[in-house]
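*Asks:* need a 3D model of the following:
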Amino acid sequence: MLKLDINLVFTVINVLLLFVVVRVFLLKPIRKIIAARQEEADAALAQANEEKEDARRQKEQVEEQMKGIEAERLKLLAETRAKAGQEYDRVLSDAKKEAGEIITHARKNAEEERERILVAAKEDVAELVAAATTKLVTGSDSPENDRELYDTFLKKAAKE
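*Replies:* Numbers count the residues shown, from 1 in each chain. The predicted structure is shown next:
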């Protein structure tokens with residue numbers, strides 16, 4: 001069994017004193033350090049959460065800006081296509097108008113050329129008839145003269 005003596009009492013007092021000393025000089029500072037580190041960790045976690053939330057907001061803003069940019073790009077593309085279509089139609093109508101003018105001018109020139117050729121042919125035929133008539137009137141009426149006159153007429157007509 002256990003004896004109670006003075007050593008046991010001193011030992012218990014020493015243990016209690018040691019416990020108080022350890023608690024005051026060791027445990028309290030450690031608890032303060034732990035509490036300070038916990039506060040730092042909580043502050044860092046709160047700051048990280050704020051930065052995360054800020055990053056999320058910035059991401060949403062960027063996505064909204066991208067949507068706006070995409071909408072503006074599509075709008076500009078549609079406007080450009082419309083302008084290009086109008087320009088195409090304008091150029092096409094100008095080309096058709098110019099082609100019509102060229103065709104009209106070409107027809108007019110062809111008609112004038114045809115008229116000029118007809119007038120020249122009529123003049124040539126009139127000259128040939130006049131020459132043939134002159135030869136007929138001045139020449140004798142023989143089959144050889146007729147044949148010669150006819151050959152001359154054909155040669156002149158073939159040349160022209």
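*Asks:* relative to the whole chain's centre, how far out is stretch 30-40?
*Replies:* Offset of stretch 30-40 from its chain centre (CA atoms, centre = their mean, to the nearest Å): 62 Å.
*Asks:* what mean pLDDT does it have?
*Replies:* When pLDDT is averaged over stretch 30-40, the result is 94.
*Asks:* would you mind identifying the next helix or strand past the lengthiest helix in the chain?
*Replies:* The longest helix of the chain (DSSP state H) is helix 28-138. Using DSSP states H and E, the next helix or strand after helix 28-138 towards the C-terminus is helix 143-159.
*Asks:* for that following helix, name the packing helices and strands.
*Replies:* helix 28-138 (3 or more CB pairs under 8 Å, 6 or more residues apart in numbering; DSSP states H and E). Yep, even glycine has a C-beta here, placed from its N, CA and C like the rest.
*Asks:* so the longest helix of the chain versus helix 143-159, what angle?
*Replies:* Orientation check (axes from the mean of the first three to the mean of the last three CA atoms, to 10 degrees): helix 28-138 against helix 143-159 gives 170 degrees.
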